[in-house]
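Colleague: Sharing a sequence plus its predicted fold:
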Amino acid sequence: MILFEAVTKVYRMGRLEVPALQGVNLSVEAHEFVAIMGPSGSGKSTLMNIIGCLDRLTTGRYVLNGTDVSRMSDNELAEVRNREIGFVFQTFNLLPRMTALRNVELPLIYNGVAKRERRERAHEAMRTVGLENRALHRPNELSGGQRQRVAIARALINNPSIILADEPTGNLDSKTGDEIMATFQQLNDRGVTIILVTHEHDIAQCALRTVAIRDGLASRDEPVVDRRILAESAHA
């Protein structure tokens, strides 16, 4: 699904060049749940932005679902983002004057989807994250965990190939963070590909694979013990 070949990213500030990625090779298969870890300044957010087609690589190659997106125009990248990728952010990014349902509908409104269809799809997305009974509440009437689940529902609304989650538990207490990670695990169990950026080891352990980024390089790539195998063993 995702293939990085010797990807670099250099930010230019006047005459100064600041390398953020220095030749990253990475592949992610469909239906994986991958946690990208690293300290501040390691390059993990840059990596996430390139995967999400929010930023461009400097050199190398990036293939998404069989399409080389490395040299696409801004408009082409926007189309790929809209079609292939759902985003979940640390700060939720919900519009405060809109209901939860309306926030979930927003990507479909931008796509010109008819009202009846987008309302049905938004209700289904709210059901998927267990929040249909909060559909008509505004963000300030919801808890932090509920707001993040609304953001997850919005990310799902276009049936994307990939969910990218950038520190999705960063503004939540540990109990609520665990609930959000359980939601991601349930989605992954249904076949949704999830890539999560985090600096927290306990959050990364919820994924099935961890990739460590340090100094702009993938310094470690290893599987976590598969929770599905553990669950089968527990019931054996």
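Modeller: Received, thanks.
Colleague: which secondary structure element contains residue 123?
Modeller: helix 115-128 (DSSP states H and E).
Colleague: C-terminal to that helix, what's the next element?
Modeller: Assigned by DSSP H and E, the successor of helix 115-128 is helix 144-156.
Colleague: re earlier: the helix holding residue 123 packs against which elements?
Modeller: Packing contacts for helix 115-128, counted by 3 or more C-beta pairs under 8 Å, 6 or more residues apart in numbering; DSSP states H and E, involve helix 100-110, helix 144-156. No exception for glycine: its C-beta is placed from N, CA and C like everyone else's.
Colleague: Nearest to residue 30 among the ones you listed would be which one?
Modeller: helix 144-156 (16.0 Å; C-beta to C-beta).
Colleague: how distant is that closest one from the center of its chain?
Modeller: Using C-alpha atoms, centre = their mean, to the nearest Å, the distance from the centre of helix 144-156 to the centre of the chain it belongs to is 12 Å.
Colleague: tell me the angle that helix makes with helix 100-110.
Modeller: 20 degrees (axes from the mean of the first three to the mean of the last three C-alpha atoms, to 10 degrees).
Colleague: Outside of the helix holding residue 123 itself, list whatever touches it.
Modeller: Helix 115-128 has contacts (C-beta atoms under 8 Å, 6 or more residues apart in numbering) with 100-102, 104-105, 108-109, 113, 132, 134-135, 150, 153-154, 156-157, 187.
Colleague: Just the buried ones from the residues you listed?
Modeller: 100-102, 104-105, 108, 113, 132, 134-135, 150, 153-154, 156-157, 187 (16 or more other C-beta atoms under 10 Å).
Colleague: From the contact counts, what lies against the top helix by length along the chain?
Modeller: When the chain is parsed with DSSP state H, its longest helix is helix 174-189. Helices and strands touching helix 174-189, by 3+ C-beta pairs under 8 Å, 6+ apart, are strand 33-37, helix 144-156, strand 162-166, strand 193-198.
Colleague: Can you give the distance from that helix to the centre of its chain?
Modeller: From the chain centre to the centre of helix 174-189 is a distance of 13 Å (C-alpha atoms, centre = their mean).
Colleague: Mind listing residues that contact it?
Modeller: The contact list for helix 174-189 (C-beta under 8 Å, 6+ apart) reads 31, 33, 128-130, 143-145, 148-149, 152, 156, 163, 165, 168-169, 172, 194, 196, 203, 206, 208, 227-228.
Colleague: at 7 Å instead, please
Modeller: Residues from elsewhere that reach helix 174-189 (C-beta atoms under 7 Å, 6 or more residues apart in numbering): 33, 129, 144-145, 148-149, 152, 163, 165, 168-169, 172, 194, 203, 206, 227.
Colleague: Stretch 88-95 now?
Modeller: Contact with stretch 88-95 is made by 103, 139, 147-148, 150-152, 155, 163, 165-168, 170-171, as judged by C-beta under 7 Å, 6+ apart.
Colleague: Most neighbours of all these, which one?
Modeller: Among those, residue 148 has the most neighbours (other C-beta atoms under 10 Å), with 29 neighbours.
Colleague: quick one, what contacts that residue?
Modeller: Residue 148 makes contact with 92, 168, 172, 180, according to C-beta under 7 Å, 6+ apart.
Colleague: Looking at those, spot the one nearest residue 18.
Modeller: Closest to residue 18 out of the contacts of residue 148 is residue 168 (26.9 Å), distances taken as C-beta to C-beta.
Colleague: tell me the contacts of the closest one?
Modeller: 88, 90, 148, 180, 196.
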